[in-house]
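Novice: Sequence first, then the predicted structure:
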Amino acid sequence: MPADTVTGTSVPMPPVRSALSEPGWVRILLIGGALLFLALFLLLPLVAVFAEALHRGFDAYWTALTEPDAVAAIELTLIVAAISVPANLLFGVAASWCVAKFDFRGKNLLITLIDLPFSVSPVISGLIYVLLFGLNGLFGTYLRDMGIQIIFAVPGLVLATIFVTFPFVARELIPLMQEQGSDEEEAALVLGASGWQTFWRVTIPNIKWGLLYGVLLCNARAMGEFGAVSVVSGHIRGETNTMPLHVEILYNEYNFVAAFAVASLLAMLALVTLVVKTALEWRFGDELAATRH
Amino acid sequence: MSLRRLTLLAAGLTLAWLGVAAADSKDSLLNVSYDPTREFYVEFNKAFAKAWQAETGHVLTVKQAHGGSGKQARSVIDGLDADVVTLALGYDIDAIADAGLLAKDWQGRLPNNSAPYTSTIVFLVKKGNPKGIKDWNDLVKPGVQVITPNPKTSGGARWNYLAAWAYAMQANGNDEAKAKEFVSRLFKNVPMLDSGARGSTVTFTQRGIGDVLLAWENEAYLSLKEFGADKFEIVTPSLSILAEPPVAVVDKVVDRKGTRKVAEAYLQFLYTREGQEIAARNFYRPRSPELAAQYAGRFADVKLVTIDQFGGWRAAQEKHFSDGGVFDQIFQMGR
């Protein structure tokens, strides 16, 4: 009897239900709801930033951005990113290379440590450096005697930013490299390539898009970080204020046009990051697929 | 593009920056100050740089850092390279002295307890005073929301608290238990504590939270100037406190950086006619009798108690604001 139902072609199949067979109003409601939500929570605030920044005209906007303290904040943000992003690029490639291609004791511990900055509050990320390099910190007196200023100066800002953006490149590359395995590297070595040759000609071409993606995210966070740098900055105008810190100061000084003008630069950075990221995903979706879990 | 080159570039940039920072330290001062002095020191720094250049020929840049007074003192103790500190109250500079960064007798080094200008605590309310707030006892009524910063981090908040305490002591015949109860009822009406005075001002004036802001007199006048007298008004209570925000040179820093001369001249300039006038223009009460008379119409004549009534700042800090002190007790009671 059961054999009959399995093999028999006479049993009518249930009609195939199209995935898009919901009545029109359900679709409109769902899509409309999602769009409304996006508009309300993402688009509107973005528009508000630019509207507030430009509401006294383009001249006021331009003056706010070219005022010396604002220029100093923009420069400082670029310098901090220019140091911390390459540093984390190096670290990220090295760490994921060693995690993905080799087996060793404590590998899981290393992966956990790489993830640490994601789970630690940014305030703590700043405070640990005050505890280490502050005047009353572990190395405080020694550094003071040597005439080196770390906290409340650029080195402190760079350290805090590196700490916060630590995992971005590595987290992007580890799954990608694990998926690719080490077959191609082994082949290269068998064919007589040196270690460096293997790295530059086999590994890097395989991971370049994932690497770019990681660097992009790392850079966006490095320029936008507020909490950790706020703790180590000292908030000296024109000297240790990065763009996010400068926005807060301007806002507190009732200088709303200038605050939103600088904020609009950060918003534009976010938009550019988003566009490049989407372009990467669209063009190299397959190669990046491994990075999406 | 080699990675090695990138690393070298990064290292080079860092070194170059450190070099630049070290090279120009002679002609620059860092003034670490509290929250509401931003506008005042912008104007004052320009005037002093001009006077200094006229006298010595040196071009001077004065850098500013602002924040809650207690937090700023903490940063200086942790190594923020302040040549001068201009904070909200004496205790915060005492704390820096306790850390060994300046002489313990700093307060005697300049006239008037090293406080070149004074201020007091007033109430800022919405135009027309809808809740009818006239004096401190209106603040403890149910349904009145009071905005003040956190006394643990803000100097202005500590003056607010002590002014309320002084009123309560006077109103209750110096009965300390009743004063404590009064202040704890007041803090029950406080919905949130910002870390600095400016944060509280923004909370009240911009975000529209609360019915009354306990504010520095200068901060309250600045709000009227920024937002227009048609939005807010100032209420002066029957009794307030004479707030003396002091200034000091940080010995350890100026001796290391070689900036003692200019740092001392900077603070002395606060006592000159020009310095006093800029202070008065920015709604601080000038010390000079001549300018006090000239600007008399601007500041309400109010009965002021002084910090001496609390046995000085160290005693007040110890009793009210230390861990487990009176503020902690009433704040826990209130929650």
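Specialist: Structure's in. What do you need? Numbering: from 1, shown residues only, chains lettered A, B, ... in the order given.
Novice: got the buried residues for stretch B:169-189?
Specialist: B:169-171, B:179-187, B:189 (16 or more other CB atoms under 10 Å in any protein chain shown). Placement of C-beta: from N, CA and C, glycine included.
Novice: now that stretch, how far from the centre of its chain.
Specialist: The chain centre lies 25 Å from the centre of stretch B:169-189; the measure is CA atoms, centre = their mean, to the nearest Å.
Novice: what about that stretch, average pLDDT?
Specialist: Across stretch B:169-189, pLDDT averages out at 93.
Novice: Alpha carbons only: can I get it in PDB?
Specialist: Taking C-alpha atoms only, stretch B:169-189 is exported to PDB below (Å, rounded to 0.1, in the frame of the first residue of the first chain):
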ATOM      1  CA  MET B 169      20.700  75.500  57.400                       C
ATOM      2  CA  GLN B 170      19.500  79.000  57.600                       C
ATOM      3  CA  ALA B 171      15.800  78.200  57.100                       C
ATOM      4  CA  ASN B 172      16.000  75.400  59.800                       C
ATOM      5  CA  GLY B 173      17.900  77.200  62.500                       C
ATOM      6  CA  ASN B 174      21.100  75.300  61.700                       C
ATOM      7  CA  ASP B 175      19.500  71.900  62.300                       C
ATOM      8  CA  GLU B 176      21.800  69.700  60.200                       C
ATOM      9  CA  ALA B 177      19.300  66.700  60.100                       C
ATOM     10  CA  LYS B 178      16.700  69.000  58.700                       C
ATOM     11  CA  ALA B 179      19.100  70.400  56.100                       C
ATOM     12  CA  LYS B 180      20.000  67.000  55.000                       C
ATOM     13  CA  GLU B 181      16.400  66.100  54.600                       C
ATOM     14  CA  PHE B 182      15.800  69.300  52.600                       C
ATOM     15  CA  VAL B 183      18.700  68.600  50.200                       C
ATOM     16  CA  SER B 184      17.700  65.000  49.800                       C
ATOM     17  CA  ARG B 185      14.200  66.100  48.800                       C
ATOM     18  CA  LEU B 186      15.700  68.500  46.300                       C
ATOM     19  CA  PHE B 187      17.800  65.700  44.700                       C
ATOM     20  CA  LYS B 188      14.700  63.500  44.500                       C
ATOM     21  CA  ASN B 189      13.500  66.100  42.000                       C
END
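Novice: How about residues contacting it?
Specialist: Applying CB atoms under 8 Å, 6 or more residues apart in numbering or on different chains, the external contacts of stretch B:169-189 come out as B:136-137, B:139-142, B:144-146, B:161, B:164-165, B:167-168, B:239, B:326, B:329-331, B:333-334.
Novice: Now which of those residues would you call buried?
Specialist: Buried among those by 16+ other CB under 10 Å: B:136-137, B:139-140, B:144-146, B:161, B:164-165, B:167-168, B:239, B:326, B:330-331.
Novice: quick one: which of these sit in strands?
Specialist: B:Val146, B:Leu239 (DSSP state E).
Novice: Any idea which of the buried ones among the contacts of stretch B:169-189 the model trusts least?
Specialist: Minimum pLDDT across these falls on B:Phe331, with 81.
Novice: Please name the nearest non-neighbouring residue to that one.
Specialist: B:Phe187 (6.0 Å; CB to CB, 6 or more residues apart in numbering or on different chains).
Novice: what do you get for A:Leu54?
Specialist: A:Tyr61 (5.4 Å).
Novice: where does the stretch 1-150 of chain A come near chain B, residue by residue?
Specialist: With CB under 8 Å from any CB of the partner chain as the criterion, the stretch 1-150 of chain A meets chain B at residues A:79, A:82-83, A:86-87, A:89-90, A:130, A:133-137, A:140, A:144, A:147-149.
Novice: One more pass at 10 Å, please.
Specialist: A:69, A:76, A:79, A:82-87, A:89-90, A:93, A:127, A:130-131, A:133-137, A:140, A:143-145, A:147-150 (CB under 10 Å from any CB of the partner chain).
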